[in-house]
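Student: Return atomic coordinates for the entry below.
(2 chains)
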Number of protein chains: 2
Amino acid sequence: LNNGMFVQVRRMLHQFPPEDVALILESSPQSERKSLWQLTDAEQQGEILEELNEDARDSILALMDTENLVAATEGMDTDDLAYVLGGLNDSEYQDVLAQMDAQDRQRLEQALSYPEDTAGSVMNTDTITLRPDVSVDVVLRYLRLKGDIPAGTDALYVLNKNDELLGEVPLASLLTCDPAASVAEVMNHNAESIPVGMEDSEVAKIFERRDLISAPVVDDHNKLLGRITIDDVVDIIREDADHTMMGMAGMDDDEDTFAPVLKSTKRRTIWLTVNLGAALLAASVSNMFEATISEIATLAILMTIVPSMGGIAGNQTLALVIRGLAVGHIGDSNAKTLIWKEVAIGLLNGFIWALLVAVAVVIWKGDVNIGYVIAGAMFINLSIAGLAGVSIPLLMKKFNIDPALAGGMALTTITDVVGLFSFLGMATIFLRA
Amino acid sequence: LNNGMFVQVRRMLHQFPPEDVALILESSPQSERKSLWQLTDAEQQGEILEELNEDARDSILALMDTENLVAATEGMDTDDLAYVLGGLNDSEYQDVLAQMDAQDRQRLEQALSYPEDTAGSVMNTDTITLRPDVSVDVVLRYLRLKGDIPAGTDALYVLNKNDELLGEVPLASLLTCDPAASVAEVMNHNAESIPVGMEDSEVAKIFERRDLISAPVVDDHNKLLGRITIDDVVDIIREDADHTMMGMAGMDDDEDTFAPVLKSTKRRTIWLTVNLGAALLAASVSNMFEATISEIATLAILMTIVPSMGGIAGNQTLALVIRGLAVGHIGDSNAKTLIWKEVAIGLLNGFIWALLVAVAVVIWKGDVNIGYVIAGAMFINLSIAGLAGVSIPLLMKKFNIDPALAGGMALTTITDVVGLFSFLGMATIFLRA
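Tutor: The predicted model follows:
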């Protein structure tokens, strides 16, 4: 980004829609982000902030003073406001709050009162509501007078005098029905309404299954609080998927692709620490058999094969079960069937790979007895891998631990320990002179 | 499912919407699926088939004869029809085709003419189109006469006499604008149109970024061919995410949670075979150092630690890069920055973990020289892990290989081989008498 291009880049950034500018910022190394941000359109900065991922948002927030931030967030949707200000520390947040006008402050406090990852935290409050007794013609005139319908609106909500949700009128119905009809006559009574405390991943499942574009959010007494739109649901689905995928590799899904080296290194420490523990545990299993290994060095060479195959087979089952839990295929009634199925696959896999590996090892090392030992260990480890791959995520789910985060490490530890113990243990029994 | 519950289950299945029946079928073991399917509402069977995942669809198709199938698929949307019949083998497909009426057959052949995973293969043809010169009032009367707007419609498309797309009129605009205005006056000229050959994951990115609900699909000459709706895009996002997550664990994302044991075992063979090759390669590296290992048995006990840490560190980088590629953060211009960043993290990680592991090993084994060796090997392997974790997916992407499928295995092979080679190699040089 040299001086000659300055004006050009500035013009470009001003022309792009905010979501594209956000993508450019996310795709830029830390050092360039600062210069790019200063070239963005001040009017757009609020919308750009909304679109950034958490890490990128935080790096930009660090560049802004309170005044800028208050200006940028003026008139923002409550859910977006909550997201943007979520990146501030407490004292910064209080500063911004103090400079906001009373109405915005109240809306923000309302939005922040809902727990994270619930329907309340992702809903908007820009609903259009109707009374059941007015005629469609009146509604049409009202809309024309209003002159604007919020983005993502596919239905208007019908409320009684107590603000309780009675149903919804799709925009499409307004266009096709008889204008003389009343709202009560044309409304859909079976509108899928979302309880405000529902987990956001549940909300996403409902949207997916029912092909919804928006849905009303209600409290315990069926009072309308706001609505959730499909664009927020798409974000939830993407984030959940990211979370699972990154989590399985021991990464925080908020990690920015271009985060600073020190910050990234620190974030990746936990998983490496846990793995060092697991690796030392496996080493201590081998250590129990030091005498055997020092007598037969071939064992040391072959001892990594059984744990490795067990890890792969177990992870295959684990991925299937994690996906099944996420999609909602697996419940109490069919868990047993699934366990039997995966154990059966484990046994069959165990048999097949015991045979193949034994043949390979006998050909390589010319020792039939080692073949027997590795076959036995492989059979045991792949059977256990199947059982562990299905029962670990089911157990974790029971105890409210996310299987995508901890499942893989727990599984690999088990297959490593069982694989080494069965291989070296049987070798000690059968091969030592 | 005993006899007494027969009538009850039947009634329940008839009351549920098709997407719920599909979920119940997917969540049922093979043996129960057949009985459940026979209790479903014949009128709903087409819609249920649309909603099933591939494996479950195939298991149900196997239960249906041609006549049933033709009846179930009558009047289906082309994209759904293509999906359902995609599960048939050639001769079954020809049978169904022969029994279809000419119009349906033509629509189906049209839909199947677009390559899989492109915009053409997911689009619907149920668009409502307008001419630019008519007035909004005429459009409103036309819609009222038509009486029905296809689900997922948020805009009508404006075409010229050659069926070329000029723009779109959102339903919301029809409700708010002056009825005397012409379509040309109220239409949005900047409608985001999708080229028919665009990859479906690209389509999903555009929908996500622009918060679209539907978008017109056009051919090379800007002629309108159909439209894509957000519900199909949500399916694409979910499938892509599934594909990545399952693929990283060496699983086919089409695999049914309750697939038969033999079928599942067969499907999982490829990955286990590849892994056996990798494990044997690693073993053959250890084999090169057999003399050293037989002299110092402690090496065998410690030799799994370095590869294990390298695998985890490399996989963290790999996951970050795969996500970055999927989201579109990484291009040619910033690849170098990313490589440097991950290599820097690798070097820093290498330094930290070399120190920690060396301290742990020296305390455990009381041998300072082994501490030096494992520290050196750890530093080398974690640096290489960082480099491999970022360069493997970038290279695979260049050669059009999906890094989510093959990346993890390639990476682990490298970290295993480098880890063993550096640890045992340095031990051979420095520790042997």
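Student: So in chain A, which helix runs the longest?
Tutor: The longest helix of chain A (DSSP state H) is helix A:332-365.
Student: On the C-terminal side of it, identify the next helix or strand.
Tutor: Downstream of helix A:332-365, the next assigned helix or strand under DSSP states H and E is helix A:368-398.
Student: tell me what the helix or strand that that following helix is followed by is packed against?
Tutor: As assigned by DSSP H and E, the chain's next helix or strand after helix A:368-398 is helix A:403-431. Under the contact definition 3 or more C-beta pairs under 8 Å, 6 or more residues apart in numbering or on different chains; DSSP states H and E, helix A:403-431 sits against helix A:230-248, helix A:269-288, helix A:290-295, helix A:297-302, helix A:305-327, helix A:368-398. Every C-beta, even on glycine, is put in place using the N, C-alpha and C of the backbone.
Student: which one of the ones you listed is the most hemmed in?
Tutor: Counting by mean count of other C-beta atoms under 10 Å in any protein chain shown, helix A:305-327 has the highest mean neighbour count of those, with a mean of 26.
Student: How about that helix and chain B, touching?
Tutor: Yes: Helix A:305-327 comes into contact with chain B (C-beta under 8 Å from any C-beta of the partner chain), by way of A:305, A:307-309, A:312-313, A:315-316, A:318-324, A:327.
Student: Which strands or helices does that helix pack on?
Tutor: Looks like helix A:305-327 contacts helix A:230-248, helix A:332-365, helix A:368-398, helix A:403-431, helix B:230-248, helix B:269-288 (3+ C-beta pairs under 8 Å, 6+ apart).
Student: returning to that earlier point: from the chain's centroid, how far away is the longest helix of chain A?
Tutor: Helix A:332-365 has its C-alpha centroid displaced from the chain centroid by 31 Å (C-alpha atoms, centre = their mean, to the nearest Å).
Student: and the angle from that helix to helix A:305-327?
Tutor: With axes from the mean of the first three to the mean of the last three C-alpha atoms, to 10 degrees applied, the angle from helix A:332-365 to helix A:305-327 works out at 160 degrees.
Student: Tell me which residues of helix A:332-365 come out buried.
Tutor: A:334-335, A:337-339, A:341-354, A:356-358, A:360-362, A:364-365 (16 or more other C-beta atoms under 10 Å in any protein chain shown).
Student: Now A:D55. Nearest residue, chain neighbours left out?
Tutor: A:D256 (3.2 Å; C-beta to C-beta, 6 or more residues apart in numbering or on different chains).
Student: my read: that neighbour touches A:L52, true?
Tutor: No: if you go by C-beta atoms under 8 Å, A:D256 and A:L52 don't touch, sitting 9.4 Å apart.
Student: okay, and the common contacts of these two?
Tutor: A:E26 (C-beta atoms under 8 Å, 6 or more residues apart in numbering or on different chains).
Student: does chain B sit close to stretch A:13-23?
Tutor: Yes: Stretch A:13-23 lies within reach of chain B by C-beta under 8 Å from any C-beta, at A:17, A:19-20, A:23.
Student: the domain parsing of chain A - what is it?
Tutor: Here the domain parsing of chain A from automatic domain parsing is A:3-116, A:129-229, A:268-431.
Student: CSV please, covering the ones you listed and showing distance to A:M246.
Tutor: Below are the domains of chain A laid out as CSV (distance: least, C-beta to C-beta, whole Å):
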stretch, distance to A:M246
domain A:3-116, 12
domain A:129-229, 16
domain A:268-431, 9
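Student: Need those domains in CSV (columns: mean pLDDT).
Tutor: Shown next, in CSV, are the domains of chain A (pLDDT from 0 to 100):
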stretch, mean pLDDT
domain A:3-116, 83
domain A:129-229, 93
domain A:268-431, 91
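Student: Stretch A:146-160 and chain B, are they touching?
Tutor: Yes: Stretch A:146-160 reaches chain B (C-beta under 8 Å from any C-beta) through A:146-149, A:151-154.
Student: first vs last residue of that stretch, how far apart are they?
Tutor: 21 Å (C-alpha to C-alpha, to the nearest Å).
Student: which other residues reach that stretch?
Tutor: Here stretch A:146-160 has contacts from A:124, A:126-132, A:139, A:143, A:165-172, A:174, A:183-184, A:187-188, A:191, A:213-214, A:216, A:224, A:227, A:229-231, B:154, B:172, B:175-176, B:211, B:213, using C-beta under 8 Å, 6+ apart.
Student: coming back round to it: looking at the domains of chain A, which is nearest to B:Q8?
Tutor: B:Q8 lies closest, by C-beta to C-beta, to one member of those: domain A:268-431, at 15.5 Å.
Student: before we move on, the earlier item: ok, which of the helices and strands packed on helix A:305-327 comes nearest B:G86?
Tutor: Closest of the helices and strands packed on helix A:305-327 to B:G86 is helix B:230-248, at 13.8 Å (criterion: C-beta to C-beta).
Student: mind listing what the closest residue in space to A:H221 that isn't next to it in sequence touches?
Tutor: Spatially, and ignoring its direct neighbours in sequence, A:H221 is nearest to A:E164 (6.9 Å; C-beta to C-beta, 6+ apart). Residues near A:E164 by C-beta under 8 Å, 6+ apart: A:221-224.
Student: circling back to that earlier point, now the helices and strands packed on helix A:403-431 in CSV, with distance to A:S91?
Tutor: CSV is the format used below for these (distance: least, C-beta to C-beta, whole Å):
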stretch, distance to A:S91
helix A:230-248, 28
helix A:269-288, 27
helix A:290-295, 57
helix A:297-302, 58
helix A:305-327, 39
helix A:368-398, 38
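Student: ok, how many other residues are close to A:S35?
Tutor: Neighbours of A:S35 under the rule other C-beta atoms under 10 Å in any protein chain shown: 12.
Student: And the nearest residue in space to A:V134 that is not next to it in sequence, its phi and psi?
Tutor: Of all residues not flanking A:V134 in the chain, A:V183 sits nearest, at 5.6 Å (C-beta to C-beta, 6+ apart). Taking degrees, to the nearest 10, you get phi -60, psi -40 for the backbone angles of A:V183.
Student: Centre-most residue in chain A?
Tutor: Taking C-alpha atoms, centre = their mean as the criterion, A:D240 is the residue nearest the geometric centre of chain A, at 1.9 Å.
Student: ok, A:V361 touching A:I374?
Tutor: Yes: assessed by C-beta under 8 Å, A:V361 is found in contact with A:I374 at 5.3 Å.
Student: Run through the residues of the stretch 101-250 of chain A sitting next to chain B.
Tutor: Near chain B, when you scan the stretch 101-250 of chain A using C-beta under 8 Å from any C-beta, you find A:140, A:143-144, A:146-149, A:151-154, A:171-172, A:174-178, A:207-211, A:213, A:230-231, A:233-235, A:237-238, A:241-242, A:244-246, A:248-250.
Student: 7 Å - rerun?
Tutor: Contact residues (C-beta under 7 Å from any C-beta of the partner chain) of the stretch 101-250 of chain A with chain B: A:140, A:143-144, A:146-149, A:151-154, A:171-172, A:174-176, A:208-211, A:213, A:230-231, A:234, A:237-238, A:241-242, A:244-246, A:248-250.
Student: Excluding chain neighbours, give the residue nearest to the residue nearest to the centre of chain A in space.
Tutor: Nearest one to A:D240, counting by C-beta to C-beta, 6+ apart, is A:S201 at 5.5 Å.
Student: do A:S135 as well
Tutor: What sits nearest to A:S135 in space, not counting adjacent residues and going by C-beta to C-beta, 6+ apart, is A:S182, at 5.5 Å.
Student: and the one you found, how many neighbours does it have?
Tutor: Counted with other C-beta under 10 Å, the neighbours of A:S182 add up to 16.
Student: quick one, what contacts it?
Tutor: A:S182 makes contact with A:132-135, according to C-beta atoms under 7 Å, 6 or more residues apart in numbering or on different chains.
Student: Tell me the buried residues within the residues you listed.
Tutor: A:132, A:135.
Student: Next, work out how far apart the residue nearest to A:S135 and chain B are.
Tutor: From A:S182 over to chain B the distance is 17 Å, taken as C-beta to the nearest C-beta, to the nearest Å.
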